[in-house]
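*Asks:* Here you go, sequence then predicted model.
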Amino acid sequence: MSKNEFRVNVKVQPNAGSNQVQGMSGGVWKIKISAPPDKGKANKKLIEFLSESLGINKDCIIILKGATSHSKVLAIKCIEQENFVVALTAICKK
């Protein structure tokens, strides 16, 4: 992990009605994704959703662990950790 990236724990619920951040609990961000967990579609949608929501390139988000699990560890680059938390918190309130 480089000094310009940080790790984030997420729990993804695929097949949701819409893409949304539900909040953080126990250090884990809970995120609903509309795509099914079929052939990486939910993972792709998760990265697209987060990159659009954060205003960063999709290449700045990497799934380090949990590609086939609901629980994932992401590496986030191109944004400061504080700004990431502020942005996701703001999305939760919408």
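*Replies:* Cool, the structure landed.

*Asks:* can we go C-alpha only for contacts and neighbour counts from here?
*Replies:* Will do.

*Asks:* Please, which helix or strand holds the closest residue to Ala75 other than its chain neighbours?
*Replies:* In space, and not counting its chain neighbours, Ala75 is closest to Arg7: 4.6 Å by Cα to Cα, 6 or more residues apart in numbering. Taking DSSP states H and E as the definition, Arg7 sits inside strand 6-13.

*Asks:* From Pro37, how far off is the residue nearest to Ala75?
*Replies:* Using Cα to Cα, to the nearest Å, we find Arg7 at a distance of 22 Å from Pro37.

*Asks:* Compare those two (neighbour count), which wins?
*Replies:* Neighbours per residue (other Cα atoms under 10 Å) separate Arg7 from Pro37, with Pro37 holding more: 20 against 16.

*Asks:* which non-adjacent residue is nearest that one?
*Replies:* Computed as Cα to Cα, 6+ apart, the closest residue to Pro37 that is not its neighbour in sequence is Pro14, at 6.0 Å.

*Asks:* Lys30 is in contact with the one you found, correct?
*Replies:* No: Pro14 sits out of contact with Lys30 when judged by Cα atoms under 8 Å, with a separation of 11.1 Å.

*Asks:* okay, these two: which has more neighbours?
*Replies:* Comparing Pro14 with Lys30 by other Cα under 10 Å, the one with more neighbours is Pro14, at 22 against 18.
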